[in-house]
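Enquirer: just a sequence and a predicted model for now, questions to come.
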Amino acid sequence: MNEPKFTNRLVNSSSSYLRQHAHNPVDWFPWGQEAFDRSRNDDKPILLSIGYSTCHWCHVMMHESFESEATAAIMNEHFINVKVDREELPTVDQLYQAYIETFQGEGGWPLTIFCTPHLKPFFGGTYFPPLSKPGGIAGFPTILTRIAKNWKSNNYYNILQNSIDDFQTLKDQIKLGESNIALVPRGAFENLKLASKTFHAIRQVFDFRYGGILESTCDAGGCSSKFPRASVFRFLLAYYKARLVPAKVIEELGDTPEGSVPVMMKIAEKYQIDVGQLNPKYMHGLLLESLRKSSQEAQSALEMVELAFTKMSESGIRDHVGGGFHRYTVDKAWKVPHFEKMLYDQGQLLVIYTDLFSITKDPLYETVARQIVQYVDRELKCEGGAFCGGQDADSKPQHGQTKQEGCYYLWDEADINTVLGFGEDSSMFKFYYGIKKDGNIESSDDESGELIGKNVLAQAHSITETAKKFAKEEKHVSESIGNCLASLLRYRKSRPQPIREERVATSSNGIMISSLARAGRVFNDKQFTDLAIAAATFIRCNMYRQENQVVLHQLGSDAVGYATDFAFLIDALLELYASTFDDSWLKWAVELQHSMDTLFWDDAVAGYFSGMKDERVLLRMKEDNDKAEPAAGSIAVLNLLRLDAIFGTAESTDSMHCTLDTLSDRQTRCLSFRDRAKRVLLSSFVKLSQLPRSLPVMMIGVIALDRGFKEVVIQGDIDGMSLQAVMQTFDPFMIFIKSTNGSWLMNKSYKLKLMSTDTQEQAGKFQVFICDRGTCFKPADSVEGIQQLLA
């Protein structure tokens, strides 16, 4: 094997992304003091390049620019070149993405930033091509040369001053997004007002043909990208539940005398209808109309989710052969994907498909959910039980050395014929998926030209249409397609596989553990729950420091986790508790919540900073957008409100965390779970009210704060059939609690102490208590009784 021509400082990095650049001719530095000192001593600007290991366009820019000796020569002569893995240093990425978004409107990866020696940005972008295009963006060498010339000319001082001005503008923009808690209007979070605003804002950008959200890059001519946006659909399902009014309620109200004010007020309160001081004479008609409108909006929200997730399941964004989903598509019909697969996407999409099955009982959603789990278990599970970060978009062809995008997942007709032959099963398969001799990918969706002649598996005809064409029973066609896919999977395993991102990150594992635990409950599948337990156990044994109760950001690093690591892991532990009723998960969740409050809480404004104080990062920021993953604050709000529902306000704060010296410390650090959640929402009110689509998961927290969580308390020896009736019910505002005398939870929970029925005759008897909005109903001990309480 030939020795590489170049080797730089990245060769011994712990980051696989940085190691990918270790043999570039570029004189790369990792993020750190050595690079900053060299920039100041040599008076050279910093060229900051941020990406991650499975990023296709990061690979493209590396091959085109960073492997070019001519381009590297310009970079090495005029710049201090710093390479950053955004998954290793998310707060660095967050800061410079905010700069690009503020001044250019849209960020992404690879991110290319030019900074002064004091780390203030003065120019940047995302991907830069190697050559300038007439009327288009300048080529990367041209940009490098221009900036180097300006830096050495009289424009030097203008660059420095502009960087200072731009940085101040960025700080001002961030400050504008934070609310003064004292100025938030009274009742701002009541009666679904903000949630309704969010729903209608989403409808305005919803694609009612293919489902999904039309991005800012979509127009009449098409889309440059379309993402699943799981956070949006998670909100829509929560909004569906919050708005849903059973037909029986509307019928009964229609028969209720108009003068029966107490009955009407009770209904209005339950379904969050604002009747105010309305004259009873008009209340009946208004309430009836409002309930009908509420139910219509609920159905509309559900239909939007069903449309999007059915279309996605049929299209190329789904890996029909191996299960799981690609990160996004380059067209709005979900057909042609960008082929990388991310763990955090699998987890978030699994939750939506699981919840859709809970609501509709449509077997399609269960099939897709199970295939996601099969994919993650087969391809992403690491030794020990935790999960790796994802898989690359690029891989080598069977006969060749140059990696190509989607090579592992695409098919030409000859491949299909080799695997399936020329019989009727093969013909049905090719008809069903629209396989063509010249490929089924339009040139407009193939910017790189690497997909010519290839076929992506995206449903072109339905099972019904296929059965009709070939005069077969639908069941026969469905089984045939399934058998063909299994054959293709076996064949595909012989191809060179995409590189797996071996990083074990706490945040993405938290997302996956949470979704597996929930899917295990809904599908009554112990294997799913066991996968979640194994991953959580691995993190506790290998990535948790009991002495100071902190979780690490990733395996193999001593760096304390970021706010997202804590938030997603706490969420996972709460879901695991609900699936196992093992108090140890709940106890760990409480410990982590207290640590998260200590490490990241903003005492001045409220909310959670993304990371701990770091002098090398010029601004300590908070996530203010539910993007590819929900913001830490959004998940934290839901965690805090669930903890409040379990423990009760009187026991929300452990006394050991409140032995502080000053009253101001006591006021901010010794908040109850509920009060802390409310402060996060109040501090985010400007963003929630002015840009409601930006924080859809936090908006679920707004709904939860107003309506509260329905508490399902299970007592006695568990009856499996009755318990399943509860577990399969869709309600994002419902929590499960197991009441066991003498348990850690029983000793800690104020609510359970009040509810305890520790009498001789009831000991061990299976009962389910349901408490909603401060009222606990008579317990049930049968499937029918439980379902009646849940209705």
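Expert: That came in fine, so what should we check first?
Enquirer: helices of the stretch 151-300 of the chain, start to end?
Expert: For the stretch 151-300 of the chain, applying DSSP state H, counting those that start in this stretch gives helices covering 156-176, 193-204, 230-243, 247-254, 261-270, 280-314.
Enquirer: would you mark the buried spots in the first one?
Expert: Buried residues in helix 156-176, counted by 16 or more other CB atoms under 10 Å: 159-160, 163, 166-167, 170, 174. Quick note: C-beta positions are derived from backbone N, CA and C, even for glycine.
Enquirer: what's the answer for the second one, then?
Expert: Judged by neighbour count using 16+ other CB under 10 Å, the buried positions of helix 193-204 are 193-199, 202.
Enquirer: which one of those sits closest to residue 130?
Expert: Nearest to residue 130 among the buried residues of helix 193-204 is residue 202, at 39.1 Å by CB to CB.
Enquirer: roughly how far apart are that closest one and residue 334?
Expert: Counting by CB to CB, to the nearest Å, the gap between residue 202 and residue 334 amounts to 18 Å.
Enquirer: likewise for residue 458?
Expert: Taking CB to CB, one finds residue 458 at 8 Å from residue 334.
Enquirer: what's the closest of the buried residues of helix 156-176 to residue 495?
Expert: Nearest member of the buried residues of helix 156-176 to residue 495, counting by CB to CB, is residue 170, at 45.5 Å.
Enquirer: tell me the contacts of the closest one?
Expert: 98-99, 102, 619 (CB atoms under 8 Å, 6 or more residues apart in numbering).
Enquirer: what's the answer for residue 639, then?
Expert: Residue 639 sits in contact with 567, 570-571, 574, 589, 593, where contact means CB under 8 Å, 6+ apart.
Enquirer: per-residue pLDDT, it?
Expert: Note on residue 639: pLDDT of 98.
Enquirer: now do residue 675
Expert: 95.
Enquirer: including secondary structure, distance to residue 305 and pLDDT, could the contacts of residue 639 go into JSON lines?
Expert: Written out in JSON lines, the entries for those read as follows (DSSP: H, G, I helix; E, B strand; the rest coil; distance: CB to CB, whole Å; pLDDT from 0 to 100):
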{"residue": "567", "secondary structure": "helix", "distance to residue 305": "24", "pLDDT": "98"}
{"residue": "570", "secondary structure": "helix", "distance to residue 305": "26", "pLDDT": "98"}
{"residue": "571", "secondary structure": "helix", "distance to residue 305": "20", "pLDDT": "98"}
{"residue": "574", "secondary structure": "helix", "distance to residue 305": "23", "pLDDT": "98"}
{"residue": "589", "secondary structure": "helix", "distance to residue 305": "28", "pLDDT": "97"}
{"residue": "593", "secondary structure": "helix", "distance to residue 305": "30", "pLDDT": "97"}
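Enquirer: of those - the most surrounded one?
Expert: Compared across the contacts of residue 639, residue 567 has the highest neighbour count, 31 neighbours, by other CB atoms under 10 Å.
Enquirer: tally of neighbours for residue 206?
Expert: Neighbour count for residue 206, taken as other CB under 10 Å: 18.
Enquirer: in space, what's closest to it - neighbours in sequence excluded?
Expert: residue 304 (5.8 Å; CB to CB, 6 or more residues apart in numbering).
Enquirer: helix, strand, or coil at residue 768?
Expert: Here residue 768 takes the strand state, with states given by DSSP: H, G, I helix; E, B strand; the rest coil.
Enquirer: where's it relative to residue 744, distance?
Expert: Per CB to CB, residue 768 is found 21 Å from residue 744.
Enquirer: more neighbours, those two?
Expert: Counting neighbours by other CB under 10 Å for residue 768 and for residue 744 shows that residue 768 has the greater number, 24 against 13.
Enquirer: which residues does that one bridge with?
Expert: Beta bridges link residue 768 to residue 714, residue 780 when assigned by DSSP bridges.
Enquirer: check contacts around it.
Expert: Each residue near residue 768 by CB under 8 Å, 6+ apart is listed here: 712-715, 722, 726, 779-781, 785-786, 789.
Enquirer: list just the nearest of those to residue 472.
Expert: residue 726 (41.2 Å).
Enquirer: burial of the closest one, as a residue count?
Expert: Look at residue 726: counted by other CB under 10 Å, it has 21 neighbours.
Enquirer: residue ranges with poor pLDDT in the stretch 651-791 of the chain?
Expert: Where the stretch 651-791 of the chain drops to pLDDT under 70, the residues are 651-669, 719-720, 722, 754-764.
Enquirer: residue ranges of the helices in it, please?
Expert: In the stretch 651-791 of the chain, the helices defined using DSSP H, counting those that start in this stretch lie at 663-669, 673-683, 685-690, 696-707, 720-727, 744-748, 750-755, 783-790.
Enquirer: the last one: which residues count as buried?
Expert: To tie it back to what came earlier, the one meant is helix 783-790. Residues of helix 783-790 classed as buried: 785-786, 789-790 (neighbour count, 16+ other CB under 10 Å).
Enquirer: compile the buried residues of helix 193-204 into JSON lines and extend it with columns for pLDDT and distance to residue 398.
Expert: Shown next, in JSON lines, are the buried residues of helix 193-204 (pLDDT from 0 to 100; distance: CB to CB, whole Å):
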{"residue": "193", "pLDDT": "92", "distance to residue 398": "58"}
{"residue": "194", "pLDDT": "95", "distance to residue 398": "54"}
{"residue": "195", "pLDDT": "96", "distance to residue 398": "51"}
{"residue": "196", "pLDDT": "95", "distance to residue 398": "54"}
{"residue": "197", "pLDDT": "96", "distance to residue 398": "53"}
{"residue": "198", "pLDDT": "97", "distance to residue 398": "48"}
{"residue": "199", "pLDDT": "98", "distance to residue 398": "48"}
{"residue": "202", "pLDDT": "97", "distance to residue 398": "44"}
